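Q: Just need the structure, nothing else, for what follows:
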Amino acid sequence: MSDEPVLVTDPRVPLDKLIFDGIDTTHAPNCSESGSRKSKSRSGVVAHRPKKCSPPTFTVSEVAKMFFGKSTHWVRLLEPFILDEEEVANRRTDQGARYYTLGDIELMAHALAQQRRIDAIKLNDALVMLHTSGRIWGYL
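A: Next comes the predicted model:
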């Protein structure tokens with residue numbers, strides 16, 4: 001195996017920093033927990049609904065399939081993910097299920113590339129998907 005870094009070539013992905021560097025992806029952007037939204041139906045009825053303030057989170061299966069084209073087993077086998085000698089966040093629900101934020105997945109992708117578990121093409125594709133998701137969710 002080569003010790004050369006894996007290079008990302010897509011212009012949407014910054015080369016000098018992480019996509020979510022300095023962004024807290026554990027909270028939904030531009031959202032306050034209090035308040036509600038007014039929604040008017042076609043019949044003219046106004047309904048008050050609570051704001052959705054949940055950040056996007058992904059299960060192990062979703063991360064494996066959507067971002068890396070791999071099986072859930074593949075991801076679980078490679079845990080813990082270590083990037084530059086630090087463990088990538090290992091978050092769990094109250095029921096014990098693993099879940100990941102966009103920032104976690106970005107670090108995971110870099111860790112997998114650093115360990116040569118994915119190649120430059122897979123890293124590039126995962127980072128482009130993360131960048132697009134970050135824009136859709138309002139983080140970027």
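
Q: from here on, contacts and neighbour counts on C-alpha atoms
A: Noted.

Q: what's the single longest helix in this structure?
A: helix 120-136 (DSSP state H).

Q: got the contact list for that helix?
A: 6-10, 12-13, 19, 67-68, 102, 105-106, 109-110, 113, 140 (Cα atoms under 8 Å, 6 or more residues apart in numbering).

Q: Return the set of buried residues in that helix.
A: Lys122, Leu123, Asn124, Asp125, Ala126, Leu127, Val128, Met129, Leu130, His131, Thr132, Gly134 (16 or more other Cα atoms under 10 Å).

Q: measure Ala113 to Phe68 for me?
A: 11 Å (Cα to Cα, to the nearest Å).

Q: Which of these two has more residues huddled nearby?
A: Shown here are Ala113 and Phe68; by other Cα atoms under 10 Å, Ala113 has more neighbours (21 against 17).

Q: Please identify which helix or strand holds that one.
A: helix 102-114 (DSSP states H and E).

Q: Please compute how far that helix lies from its chain's middle.
A: Put simply, helix 102-114 sits 9 Å off its chain's centre (Cα atoms, centre = their mean, to the nearest Å).

Q: for it, packing partners?
A: strand 82-83, helix 120-136 (3 or more Cα pairs under 8 Å, 6 or more residues apart in numbering; DSSP states H and E).
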